[in-house]
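sequence plus predicted model, see below.
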Amino acid sequence: MTSATQLSGLLRDLQQLAGNFQKIEADPAAQGALILDAFLRIPPYQSGAVFLRESRDVPELKLAAQSGLLTAPSHIEPNLFDDVADIDVDGARFGGLPIWTALDPHPHTLVPLRYARDSFGLVALSRGESVPGTGDELETLRAVSSYLAALIHGQRMTREVREGEFQLKYRLWELESLYDIGLSIASTLDLDKLAEEILVRTISLLNARRAALFLRKGGRFVLHSSFGDVRSQFLDDELPQDDAAKLFVQARPIVFDNNADCIFPSCDSFVALPIRSGEEVIGVLAAADRELREGGVGPFEPNDLRMLSLFANQVSIALENARLHQEALEKQSMERELELAATIQRDILPRSLPALPAFEVAAFSRSARQLGGDYHAFFENDGCLTLCVADVSGKSVPAAVLVSALHAALQLLVDEGRPLGEIATELNRHIHRWSSENKFITLVLASFDPESEVLSFVNAGHNPAYILSDGKLEELQSHGLPIGILAGTIYRTQTRRFSAGSLFLAYSDGFTEAENLAEEEFGNERLEEILTAKAEADCSEIRDAIAQAADAFAAGAPQKDDQTLVLVRSRQESSQ
C-alpha cells in the first residue's frame, strides 16, 4: 500500500512536473521523460516506456521515452493501442499478442493516457518482482494517468487555440493584403501597367523569383509579360495533355517540383493557376522558384496556392475592367471617327438647291445609319441642270468611302463637259479599279436643257426614274450594269422630251423597299399613286407627301436603308 507520505510527495512532484511540462511543449522526448519519471515514482515499478501520439491527425504512437533497463519498439500501431481500454495488469496484449513479445523485459502493467474521448499515449511499466499489483497501487496509477492526460489535454488545447489565433491573424493578414492588392490593381486600367503590377504582386506574395502572365487570344495563350526567361509556347505546344486538361478544362492549378520541365527554363519549383472569367479560362498566372527563409528555393505550399487562387480572382476582375475600359476607349475613338466621317459626308451632299429660273427642284435625304451609302448632287452650266442620284452597296464606313470616291470623280468628269454616257463609262473604270470586288454603285445621271426641252439620262442598274408629263407617267428603266461590276462596260446616253410642266423623280430603293412591321414593302405602286395624285403640286409638297407616306407605312418599323429622292419640274414655257 502507498503511504500517505509517499502520496503527498507524489502530488508535489506532479505539481512541479506541470510547471516543467509547459516549458518543453515542443520536445516530445523531454515530455515523455517527465511522464515516465512520474510513473516510476510509484512503487514497485522500476522500468518502463512512454509512447505518445504527436497529434490527433497522426494515428500511430511513437516512442517518447524509455528507462535504461527496457527495450521498446520505435512506434506502436493504433490498433494495438486501442485494445487497452483501461489499466491492464499482467495480461496485457497487443493485438492478441502477449505484451512481453513487444517489450523487453516484459511489462507488468499498461496505462493508457486518455482524457474524455482523446487518446494521447500509453505507458508500459515493469516491476522489480513478479508481485501482483494492489488496489491502492492501481488507484494511484489511475490518478496519475488522469492528471497527466488532463495536463497533456490542456497543453494541446492551449497550443490549438494559439495556432488557431495565429491562423486567424494570418488569414486576416491575407485578406487585408489581398484587399490592398485588389484596390491597387483594380485602379489600373492600362493593360500593360496592370500586367506589370500583377507580376510584382505575384512575386511578392509567393516569394518567387520568376513570374509570367499569359492571356488568351483566340485559341492560344499568348505571353503578355514576364519577369525572367520564359518559354512562350510552352502552354500551347509542350504542356503534357493531363496537365493541360487540369489547367484549362478543370480550371485547377498545376504544380511541378524537382527540376521538372516547365514554362521557366531550369526551374526548381513551378506553379500555374488559371484565371477565369465566368466559365472561361482567359489567362494563366505562373510563378517559379519559391525562395526559402533559410536560403535556396523550395516547393510551393498549400498556403501559397490558396493565396494565389484568391489573388487570381482579383486579377480576373482587374483584367475584365481593363478590357472593358479598352473597349470603351476604342468605341469612343470609333464614334469620333464616325462622327468626323459623317460630317465629311454631310459636306459632300448639297447644302442648298439649285436656283434656276427654268426649274423647280426639291430633294430629300435620310441615312439609316450614321454613315450612309446614298448620294445625290446637282450641277449647273449655262442654264442647264445636271443631277445624280446614286446608291452604293453596303453600309457604314466602306460605303461612305466609296461615296467619297464617286463624288470626287463625278465633280471632275462633269466639269469637263462630257456627255452623260461618257461620264458613266469613265466612272465605271475608275470605281472598278479602286473598289473591292463586292462593291458597286447604282446611279441615275440626268441632264435637263430648258431650251431644247430634252432630258438626257443614264440609268446604271438603279431603280426606274419617272417622268410625269401631260398626265402620263413613264418609267426610265435601267439600261446598263451598276457602276464597278465590269471594267469594260460602255454606257450610252438616252433622251426624252421634257416640256414645260413636266415632272422628274429619281429615288433610292430605301423608299420602295421600306417595310412595315408585317415585313410588307412600300413598293413602286404607292409611289406612283402619290405622283399621280400630286401631279399639279409643288415639288416640295410632293417630296413631303412621299416621305410622310413612307413613314406612315412603316408605322414604327426600323429604317433599314438610306432614303433619297430628287424632284425636278420644268417651268419653261414650251416654244412649240
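Yep, that arrived. Residues are numbered from 1 along each chain as shown.

spell out for me which residue occupies the centre of this protein.
Ser277 (3.9 Å; C-alpha atoms, centre = their mean).

contact partners for that one?
Ser277 makes contact with 316, 319-320 under the criterion C-beta atoms under 8 Å, 6 or more residues apart in numbering. For the C-beta atoms, the positions are set from N, CA and C on the backbone; glycine is no exception.

just those: which are in helices?
316, 319-320 (DSSP state H).

buried subset of those?
Neighbour-count burial within the ones in helices among the contacts of Ser277 applies to 316, 319; the criterion is 16 or more other C-beta atoms under 10 Å.

list the buried residues of stretch 64-76.
In stretch 64-76, the ones that count as buried by 16+ other C-beta under 10 Å are 64-67, 70, 72, 76.

just the ones in helices from those residues, please.
Of those, none are assigned to helices by DSSP H.

the stretch 301-450 of the chain: helices as residue ranges?
With DSSP state H, counting those that start in this stretch as the criterion, the stretch 301-450 of the chain has helices at 302-348, 396-415, 420-434.

go on, the chain?
4-23, 28-40, 78-82, 135-186, 191-206, 241-244, 302-348, 396-415, 420-434, 509-512, 523-533, 539-554.

now distance to Asp562 and mean pLDDT too, for the ones you listed, in JSON lines please.
Below are the helices of the chain laid out as JSON lines (distance: least, C-beta to C-beta, whole Å; pLDDT from 0 to 100):
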{"stretch": "helix 4-23", "distance to Asp562": "90", "mean pLDDT": "65"}
{"stretch": "helix 28-40", "distance to Asp562": "89", "mean pLDDT": "84"}
{"stretch": "helix 78-82", "distance to Asp562": "86", "mean pLDDT": "64"}
{"stretch": "helix 135-186", "distance to Asp562": "44", "mean pLDDT": "69"}
{"stretch": "helix 191-206", "distance to Asp562": "38", "mean pLDDT": "81"}
{"stretch": "helix 241-244", "distance to Asp562": "51", "mean pLDDT": "85"}
{"stretch": "helix 302-348", "distance to Asp562": "11", "mean pLDDT": "76"}
{"stretch": "helix 396-415", "distance to Asp562": "9", "mean pLDDT": "83"}
{"stretch": "helix 420-434", "distance to Asp562": "18", "mean pLDDT": "91"}
{"stretch": "helix 509-512", "distance to Asp562": "5", "mean pLDDT": "91"}
{"stretch": "helix 523-533", "distance to Asp562": "16", "mean pLDDT": "94"}
{"stretch": "helix 539-554", "distance to Asp562": "12", "mean pLDDT": "93"}
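
can you say which of those helices is packed in most?
helix 509-512 (a mean of 22; mean count of other C-beta atoms under 10 Å).

got the contact list for that helix?
Under C-beta under 8 Å, 6+ apart, the answer for helix 509-512 is 366, 368, 374, 391, 463, 521-524, 527, 546, 550, 559-565.

can we see that at 6 Å?
Helix 509-512 has contacts (C-beta atoms under 6 Å, 6 or more residues apart in numbering) with 463, 522-524, 550, 561-563.

using CSV, list the CA coordinates for that helix.
Output in CSV follows, covering the C-alpha atoms of helix 509-512 (Å, rounded to 0.1, in the frame of the first residue of the first chain):
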residue,chain,number,x,y,z
ASP,A,509,-34.7,51.9,-103.0
GLY,A,510,-34.8,52.9,-99.4
PHE,A,511,-38.3,54.2,-100.2
THR,A,512,-39.8,51.4,-102.3
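
OK, contacts around Phe256?
By C-beta under 6 Å, 6+ apart, the contact list for Phe256 reads 262, 270.

for it, list each beta-bridge partner.
Phe270 (DSSP bridges).

for it, give its distance to Ile423.
Distance, Phe256 to Ile423, by C-beta to C-beta, to the nearest Å: 73 Å.

then Val392?
Relative to Ile423, Val392 is positioned 17 Å away (C-beta to C-beta).

for the stretch 351-500 of the chain, give me the ranges with low pLDDT.
Applying pLDDT under 70 to the stretch 351-500 of the chain picks out residues 370-372, 395-396, 436-437.

show me where it has strands.
Secondary structure of the stretch 351-500 of the chain (DSSP state E, counting those that start in this stretch): strands at 359-366, 374-381, 384-392, 441-449, 454-460, 465-469, 472-476, 494-497.

quick one: contacts of the fifth one?
This means strand 454-460. In this structure, residues lying in contact with strand 454-460 by C-beta under 6 Å, 6+ apart are 420-421, 424, 443-448, 476, 478-480, 482-483, 491, 493-496, 498.

buried residues in it?
Those would be 455-460, for strand 454-460 by 16+ other C-beta under 10 Å.

list just the nearest of the residues you listed to Ala272.
Nearest to Ala272 among the buried residues of strand 454-460, counting by C-beta to C-beta, is Ala460 at 61.9 Å.

what's opposite that closest one in the beta bridge?
Leu443.

begin at 54 from now on, thanks
Sure thing, new numbering starts at 54, so read that last one as Ala513.

measure it to Leu534 for me?
For Ala513, the distance to Leu534 equals 7 Å [C-beta to C-beta].

related to what we said a few turns ago, farthest pair within the buried residues of stretch 117-129?
Ser120 and Ile129 (16.9 Å).

just the angle for the lengthiest strand in the chain relative to helix 355-401, thanks.
Assignment by DSSP state E gives strand 333-344 as the longest strand of the chain. Orientation of strand 333-344 against helix 355-401 (axes from the mean of the first three to the mean of the last three C-alpha atoms, to 10 degrees) gives an angle of 130 degrees.

what residues sit buried inside strand 333-344?
Neighbour-count burial for strand 333-344 [16+ other C-beta under 10 Å]: 334-343.

out of the buried residues of stretch 117-129, which one has the weakest pLDDT?
pLDDT is lowest at Leu123 among the buried residues of stretch 117-129; the value there is 74.

contacts only, for the nearest residue to Ala588 once chain neighbours are set aside.
Residue nearest to Ala588 in three dimensions, not counting chain neighbours: Leu521, with 5.9 Å by C-beta to C-beta, 6 or more residues apart in numbering. Applying C-beta under 6 Å, 6+ apart to Leu521 gives the contacts 556, 584, 588.

right, and Arg106 touches Lys115 too?
No. With contact defined as C-beta atoms under 6 Å, Arg106 does not count as touching Lys115 (7.8 Å).

those two: who's more crowded?
Taking other C-beta atoms under 10 Å, Arg106 and Lys115 do not tie; Arg106 has more neighbours (24 against 18).

what's around the nearest residue in space to the more buried one that is not next to it in sequence, how many residues?
If the residues on either side of it in the chain are set aside, Arg106 comes closest to Leu114, at 5.4 Å by C-beta to C-beta, 6+ apart. Here the count is done by other C-beta under 10 Å, and Leu114 has 23 residues near it.

near Ala567, how many other residues are there?
Ala567, neighbours per other C-beta under 10 Å, totals 22.

that should have said Ala261, apologies.
27.

quick one: it from Leu292, how far?
Applying C-beta to C-beta, the value for Ala261 to Leu292 is 19 Å.

and Val164, by the same measure?
Taking C-beta to C-beta as the measure, Val164 falls 57 Å from Leu292.

ok, these two, which is more surrounded?
Taking other C-beta under 10 Å, Val164 and Leu292 do not tie; Val164 has more neighbours (30 against 22).

okay, that one: pLDDT?
Turning to Val164, the model gives it a pLDDT of 86.

tell me who's in contact with Ala118.
85-86, 89, 103.

biggest separation within these, which pair?
Longest span within the contacts of Ala118, C-beta to C-beta: Ala86 and Val103, 7.9 Å.

distance from the chain centre to stretch 110-117, please.
Put simply, stretch 110-117 sits 49 Å off its chain's centre (C-alpha atoms, centre = their mean, to the nearest Å).

for that stretch, measure first residue to last.
Length of stretch 110-117, first residue to last, C-alpha to C-alpha, to the nearest Å: 17 Å.

next: stretch 531-544.
Stretch 531-544: ends 11 Å apart by C-alpha to C-alpha.
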